[in-house]
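Chemist: here is a sequence with its predicted model. Questions after.
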Amino acid sequence: MAVSLSKGGNVSLTKEAGSAGLTHVSVALGWKVRTTTGVDFDLDASALMVGESGRVLSDSHFVFYGNLDSPDGSVHHTGDNLVGGGDDDEVIEVNLTNVPATVSRIVFPVSIYGAEEAKQNFGQVSDAYIRVVNGTNGKELARYDLTEEASSETAMVFGELYHTETEWKFRAVGQGYASGLAGIARDYGVSVA
C-alpha cells in the first residue's frame with residue numbers, strides 16, 4: 001500500500017519499491033472542481049530540475065505543457081489535460097537512471113491556467129492530489145492529497161523528488177503561491193517574459 005503523506009512528510013521511494021526496483025516513476029496529478037465560475041479549471045503540472053544552488057539548471061530544464069521534455073530526456077510531460085475530473089489528469093514521467101548528477105531535486109509545481117482572468121483559485125478545487133507510481137510495475141508508492149484550504153493561491157509546489165547516495169525520496173511540500181506558475185518559475189531561476 002502506498003504511503004499517504006501530509007504536508008512536509010517524506011518517504012523513501014526506493015524502499016517502497018523493494019525488490020521490484022526503481023528506475024522510472026510517474027508523478028501524476030488529478031483534481032475535481034468544487035464550484036464553478038463558468039469556465040473549466042485547467043490545472044497544469046510542471047517539473048523544475050534544480051541543482052545544488054536551488055535554481056533550475058537552465059530554462060529548458062523547466063518541463064511543462066510548453067516544453068514537454070528535458071534536454072537530457074530524463075523528464076517527460078505526457079501532455080496537457082484542459083478540464084480534469086478523471087484519474088491522473090496530467091502525468092510527468094521521470095527516468096531516474098538518466099537524471100543528470102547535477103540535478104539535486106525535481107520540484108513539481110501545479111498551477112491553474114488563466115486563474116486571474118477566470119477568478120479561480122485552489123479554494124475552488126477539490127480532491128487535488130499528486131501521486132508517485134513505480135513506472136516498472138504501476139504500483140503507487142506515495143500520495144499527497146491537498147486538504148488545506150488555499151483560497152487565494154493560483155499555484156502550488158505540491159512536492160519534490162530528490163536523491164541521496166543510495167535512494168530516491170519524495171517530499172510533500174504544499175507551498176502555495178498567489179503569483180501563479182510564473183512566480184514559482186521566477187523563484188527557481190527560470191527567465192519568464
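Modeler: Yep, it's here.

Chemist: what's the end-to-end length of stretch 21-41?
Modeler: 36 Å (Cα to Cα, to the nearest Å).

Chemist: report the mean per-residue pLDDT for it.
Modeler: The average pLDDT within stretch 21-41 is 75.

Chemist: again, but for stretch 166-174
Modeler: For stretch 166-174, the mean pLDDT works out to 91.

Chemist: and the strands in the protein, which stretches?
Modeler: With DSSP state E, the ranges of strands along the chain come out as 3-5, 10-12, 24-33, 43-45, 47-50, 62-63, 75-77, 90-95, 105-112, 125-134, 140-145, 155-163, 168-177.

Chemist: ranking these by burial, who's on top?
Modeler: strand 62-63 (a mean of 26; mean count of other Cβ atoms under 10 Å). C-betas here are computed from N, CA, C, even on glycine.

Chemist: could you dump the strands of the chain to CSV with distance to residue 184?
Modeler: Converted to CSV, those look like this (distance: least, Cβ to Cβ, whole Å):
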stretch, distance to residue 184
strand 3-5, 20
strand 10-12, 20
strand 24-33, 15
strand 43-45, 11
strand 47-50, 8
strand 62-63, 10
strand 75-77, 16
strand 90-95, 15
strand 105-112, 5
strand 125-134, 15
strand 140-145, 17
strand 155-163, 5
strand 168-177, 5
